[in-house]
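Enquirer: Structure for the following, please:
(one chain, ligands or ions: 1)
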Amino acid sequence: MILFCSDLHLDPARPVSRSLFARFLAGPARRADALYILGDLFEYWAGDDDEDPFNAGVCEDLKACAESGVAIRFLPGNRDFLVGGGFERASGARLIDEPTVIEVGGRRALLLHGDTLCTDDADYQDFRARVRAPAWRDRFLGTPVAERRRTIEELRRRSESEKRSKPAMIMDVNPDAAAAALREADATAMIHGHTHRPGHHRFDVDGRSCERWVLPEWSDSGGYLACADNDWHFAEIR
Ligand code: MN
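Expert: A predicted model of the protein is given here:
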């Protein structure tokens, strides 16, 4: 059994999600062979040298789960793409590239955070390209932690107000981008989060039947996708 979750946005301001995640890691996750976290586990991650006790506590819970024998894989999202080797050591999770293809029940499944599929949002894609450049990352991680945290808080405020003025359609997945990603990876299934629009979509790509599973955001309840061979289903933790 492989489990997938994303978009927990863990933050001291969301104590319910935090305790649901602790329960998830101590319960259903322990019975799985592998757990894939597809980004935005943290509301933000300012760098591995940020000694934030809240995020450190999340890493300790992950590590206990990993040490019990669960393979934990982490594909960073737009909120936590600054994770690195320090995060891996603290959490016992291993970072994976975006996108990654894995085999589940004989199917090739493409794993992404999901933001790269929102191609209609040109402003966001410009911003993403800028901050994902290695030179930007090195420069940013070279500034003091307190300054990084201030910059991130400011970016969060700006992105929240921009989101309110953007048409909802623009912030969803572009169907052509989803089809192109599947074609490129020679996959027939894709699993991602980011949009906070959980669902299971079926469609054809070049005559092949494909599916797209969108993971839910966590708030007063948590949700994850459980995959065992041909039985793929959403499950809830509350
Ligand atoms: Mn996201």
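Enquirer: Arg130 and Glu217: what is the separation?
Expert: 25 Å (CB to CB, to the nearest Å). C-beta here means a position set from N, CA and C on the backbone, and glycine is covered the same way.
Enquirer: meant to ask about Met190
Expert: Taking CB to CB, one finds Met190 at 18 Å from Glu217.
Enquirer: Please say which of those two ends up with more neighbours.
Expert: Neighbours were counted for Met190 and for Glu217 using other CB atoms under 10 Å; Met190 has more, 26 against 18.
Enquirer: contacting residues for that one?
Expert: 109-112, 178, 181-182, 210-213 (CB atoms under 8 Å, 6 or more residues apart in numbering).
Enquirer: That one: what secondary structure?
Expert: strand (DSSP: H, G, I helix; E, B strand; the rest coil).
Enquirer: how many neighbours does the closest residue to the ion within the chain have?
Expert: The minimum distance from the chain to the ion, using CB to the ion, falls at His194 (3.8 Å). Using other CB under 10 Å, His194 is surrounded by 26 other residues.
Enquirer: Identify all contacting residues around the helix or strand harbouring Leu20.
Expert: Leu20 belongs to helix 15-26 when assigned by DSSP states H and E. For helix 15-26, the surrounding residues in contact (CB under 8 Å, 6+ apart) are 5, 8-10, 12, 54, 58, 61-62, 64-65, 218-222, 224, 237-238.
Enquirer: Tell me the residues of this structure that contact the ion?
Expert: Contact residues (CB under 5 Å from the ion) of the chain with the ion: 40, 77-78, 194.
Enquirer: Could you rerun that using 8 Å?
Expert: 6-7, 39-40, 77-79, 113-115, 193-194 (CB under 8 Å from the ion).
Enquirer: which of these sit farthest apart?
Expert: The span of those, defined through CB to CB, is set by Arg79 and Gly114 at 12.2 Å.
Enquirer: what touches both of the two?
Expert: By CB under 8 Å, 6+ apart, the residues touching both Arg79 and Gly114 are Gly39.
Enquirer: neighbour-wise, which of these two wins?
Expert: Neighbours were counted for Arg79 and for Gly114 using other CB under 10 Å; Gly114 has more, 29 against 23.
Enquirer: The more buried one contacts Thr195, doesn't it?
Expert: Yes: counting by CB atoms under 8 Å, Gly114 touches Thr195, with 5.8 Å between them.
Enquirer: any shared contact partners between these two?
Expert: With CB under 8 Å, 6+ apart as the test, Gly114 and Thr195 both reach 173, 214.
Enquirer: Could you dump the residues of the chain next to the ion into a markdown table with secondary structure added?
Expert: Putting those into a markdown table (three-state DSSP) gives the following:
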| residue | secondary structure |
| --- | --- |
| Ser6 | coil |
| Asp7 | coil |
| Gly39 | coil |
| Asp40 | coil |
| Gly77 | coil |
| Asn78 | coil |
| Arg79 | coil |
| His113 | coil |
| Gly114 | coil |
| Asp115 | helix |
| Gly193 | coil |
| His194 | coil |
